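>>> Need coordinates for the following:
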Amino acid sequence: MNIDLNFNRICKICGLTFGSHRGDSIYRNQCPDNEKRMNWSKEYITTFIDSGTVGEIPYGTPRK
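Residues are numbered from 1 along each chain as shown. Below is the predicted model:
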């Protein structure tokens, strides 16, 4: 198991890792949606909030 203490932090909102969040300067750290794409809308945008947990989430796991 290769845990990265930054990218494997778990998001309190979506339950996925920080590494799965969008990293550009438009909507920084935006949570991904259930269709494995980013939520591009300008309403109801959620961003990463650290849950204090670090771990691996299997690829394809749906968000909360």
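>>> wait, isn't residue 12 in contact with residue 51?
Yes - under the criterion of CB atoms under 8 Å, residue 12 makes contact with residue 51 at 4.0 Å. Where you see a C-beta, it was placed from the backbone N, CA and C, and this is true even at glycine.
>>> show me where the protein has strands.
With DSSP state E, the ranges of strands along the chain come out as 9-11, 50-54.
>>> which of those sits most buried?
Ranked by mean neighbour count under mean count of other CB atoms under 10 Å, these are led by strand 9-11, which reaches a mean of 21.
>>> So which elements touch it?
Other elements packing on strand 9-11 under the criterion 3 or more CB pairs under 8 Å, 6 or more residues apart in numbering; DSSP states H and E are strand 50-54.
>>> contacts for the strand it packs on?
Strand 50-54 is touched from outside by 3, 5, 8, 9, 10, 11, 12, 18, with contacts defined as CB atoms under 8 Å, 6 or more residues apart in numbering.
>>> On the strand side of things, show who the fifth one bridges to.
Right, the one you point to is residue 10. residue 17 (DSSP bridges).
>>> and stretch 45-61, average pLDDT?
Stretch 45-61 carries an average pLDDT of 89.
>>> Okay, buried residues for it please.
Using 16 or more other CB atoms under 10 Å as the test for burial, stretch 45-61 gives 46, 48, 54, 57.
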